[in-house]
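K.L.:
coords please:
(one chain, ligands or ions: 1)
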Amino acid sequence: MSATDTEKTSDSGILAEAGRRRTFAVISHPDAGKSTLTEALALHASAIKSAGAVHGKAGRRGVTSDWMAMERDRGISITSAALRFDYGDHTLNLLDTPGHADFSEDTYRVLEAVDCAIMLLDSAKGLEPQTLKLFDVCRSRHVPVVTFVNKWDRPGREPLELLDEIEQRIGLRPTPVNWPVGIAGDFRGLIERATGAYTAYTRTPGGAERALEATFTDEEARLKEGDAYEAAEEELDLLAEIGADVDMPSFLAGESSPVLFGAALPNFGVRRLLDAMCALAPAPRARADSAGAERAIDAPFSGLVFKVQANMDKAHRDRVAFLRVCSGRFERGMVLTHAATGKPFATKYAQAMFGQDRETVEVAYPGDVIGLVNAGALRPGDTLYAPGPPVVFPPIPSFAPEHFAVVRCKDAGKSKQFRRGIEQLDTEGVVQVLSSDLRGDQAPVLAAVGPLQFDVVLNRLEHEFGARSELSRLDYELARITDPAGASALAGVRGTEVLTRRLDGALMALFADKWRLNAIKRDNPDIKLEALLAGATI
Ligand code: G4P
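P.N.:
Presented below is the predicted three-dimensional model:
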């Protein structure tokens, strides 16, 4: 714990602590290098001794079953990683967005808890499907995005072409902070656009340590890099002509994105990215409550639960709720109020997460993430607040499911346990549960953003509720919200079905594919078919 953590803090102290915080996540497609970058960022911030300590390779590569086994073996899930580390005068909170086989609603919910995101692109691939989905969520939540073009040490695409793709496909105006010298695959260094300073990189074996960096003047750099430097200068002239300069108002409004180039594996340009996050990413700001009133950063403590993880410690069968501090100062032992029930919530067991390790957290400030153990009553979207006038933050939206399956209990004698389990998992937000009179409550439909959510349901139904169950996948890919008129118009139409969402009673129409949906829209232009958040680009 640092000295500042133990001091008594006045309101201006809270503002100063919040001002030092940067809370962000990395959004990317699998294999773009998110785990490598996470390690490199922590390495540069001196938070870990050598890269490779945060995410076990086995976990990153793990197929679903490995993930479950690993969760049991380690007693903690890789998805829970929320790293907090100091860098210069700043405290950085890097939240993990599970993005591999374990892509799920949790991935989206994490974006409720950040103030900024790094959009990580593979220099050879540019924008990929999962990056686009996550970007959609950032855009809808007004989360500003910094772009990092990774793997510049490998053959890839032209930098201008990549910028063009960002602008054309997602309408985000790219504003490069630095510019690579040497084509992808022959990376020499980076020119800082604002100052013209040139940093050359030397590879360290395996990328396990910080890369060697040397700074040169314009003249020296031209001599050293020859044609490659001149080519970069020509491109810089072009950028200057179109005025592609970093612009804070449009960045914060989600209209432009500062772009940095580098390579996470050999640690090229990673320190520069950290500096950019400190300089550009917004510090925690007042958050609007559900009545639309802004909750000031130095108001009494309030926090938002954005994720609940069950069974993280197999010895204790506990449930950890991850809470982002939104206002005030958190002190372990505080008794908070759970806004949803009005009941008190004791915080004796508050923890900070560091990769696989947990440590007790005594104090936290806006932007920090804490894990609350024994959080049986908490669910994603819940608000906790310190004694005083109540505050409730708006609920986290549910995201567009793309995978659907019927779940049935294998043992007829356990139907009560099965029903209780399904209800509990739905309430926790592990999966969305849909039903209809036709299907009955013995065979509800589960709707998920990623198929791993189904495995978690089966695993927990069996081990926690004693109800061994089986799934049969349904041939639907899309969901839209409809109304009773829409439901009657769709009744009996092939390739579609309308179900009721258990948690809020919303009517959800499922469609086999986008062609079926488009055909139905064409034939019934007046029925309500409202897209859900994310995946709503179709
Ligand atoms: P992810 O979490 O986004 O899925 O990506 P991850 O970090 O696991 O990286 C995916 C692959 O890309 C890994 O290689 C990793 O080493 C490589 N990689 C990441 N960043 C860079 C980079 O800047 N330059 C180069 N050249 N490669 C990079 P792999 O072959 O799948 O695994 P490994 O056995 O080499 O580690």
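K.L.:
End to end on stretch 285-296, go ahead and measure it.
P.N.:
When the termini of stretch 285-296 are compared using Cα to Cα, to the nearest Å, they are 8 Å apart.
K.L.:
For it, give me every contacting residue.
P.N.:
Under the contact criterion Cβ atoms under 8 Å, 6 or more residues apart in numbering, stretch 285-296 has outside partners D115, I297, S302, L304, C326, S327, V391, V392, F393, P394, P395. Using the backbone N, CA and C atoms, a C-beta is placed for each residue, glycine as well.
K.L.:
could you give the mean pLDDT of it?
P.N.:
Looking at stretch 285-296 alone, the average pLDDT works out to 95.
K.L.:
Buried ones in it, by neighbour count?
P.N.:
Buried residues in stretch 285-296, defined by neighbour count with 16 or more other Cβ atoms under 10 Å: R287, D289, R295, A296.
K.L.:
Next to the ligand, which bits of this structure? Give me the list.
P.N.:
Contact residues (Cβ under 6 Å from any ligand atom) of the chain with the ligand: 28, 30-36, 60, 100, 150-151, 153-154, 263-265.
K.L.:
Farthest-apart pair in the contacts of stretch 285-296, please.
P.N.:
Longest distance between any two of the contacts of stretch 285-296 is 21.7 Å, between I297 and P395; criterion Cβ to Cβ.
K.L.:
Between these two, which is the more surrounded one?
P.N.:
Comparing I297 with P395 by other Cβ atoms under 10 Å, the one with more neighbours is I297, at 24 against 15.
K.L.:
ok, of the residues of the chain next to the ligand, which come out buried?
P.N.:
Among these, those classed as buried by neighbour count (16+ other Cβ under 10 Å) are 28, 30-36, 100, 150-151, 153, 263-265.
K.L.:
Select from the residues you listed every entry located in strands.
P.N.:
Cross-referencing those against strands under DSSP state E gives N150.
K.L.:
Now the two most distant members of the buried ones among the residues of the chain next to the ligand.
P.N.:
Looking at those by Cβ to Cβ, the two members farthest from one another are H100 and D153, with 22.7 Å of separation.
K.L.:
Determine whether the claim that G376 is in a helix is correct.
P.N.:
No: with the criterion set as DSSP: H, G, I helix; E, B strand; the rest coil, the secondary structure at G376 is coil rather than a helix.
K.L.:
is it true that it touches R319?
P.N.:
Yes: with contact defined as Cβ atoms under 8 Å, G376 and R319 form a contacting pair (5.6 Å).
K.L.:
Pick out whichever of these two has more residues nearby.
P.N.:
Each of G376 and R319 had its neighbours counted (other Cβ under 10 Å), and the higher figure belongs to R319 (19 against 12).
K.L.:
can you pull the contacts of the residue nearest to the more buried one when sequence neighbours are not counted?
P.N.:
When the adjacent residues along the chain are set aside, R319 lies closest to A310, with 4.7 Å between them (Cβ to Cβ, 6 or more residues apart in numbering). Residues touching A310, when contacts are defined by Cβ under 8 Å, 6+ apart, comprise D318, R319, E428, V430, R460, E464.
K.L.:
Now for these, which sits with the most neighbours around it?
P.N.:
V430 (25 neighbours).
K.L.:
Look up how far T217 lies from the residue of the chain most remote from its centre.
P.N.:
Here the chain has its C-alpha centre computed as a mean, and the residue farthest from that point, by Cα atoms, centre = their mean, is L223 with 43.2 Å. Relative to T217, L223 is positioned 10 Å away (Cβ to Cβ, to the nearest Å).
K.L.:
Strands of the stretch 351-500 of the chain, residue ranges please.
P.N.:
Counting by DSSP state E, counting those that start in this stretch, the stretch 351-500 of the chain forms strands over residues 357-360, 363-364, 369-372, 383-385, 403-409, 432-435, 445-448, 469-473, 478-482, 496-501, given from the N-terminal end onward.
K.L.:
got it, and the stretch 201-350 of the chain?
P.N.:
Counting by DSSP E, counting those that start in this stretch, the strands of the stretch 201-350 of the chain are 212-216, 256-261, 287-288, 294-295, 302-310, 319-327, 330-331, 335-338, 343-346, 350-354.
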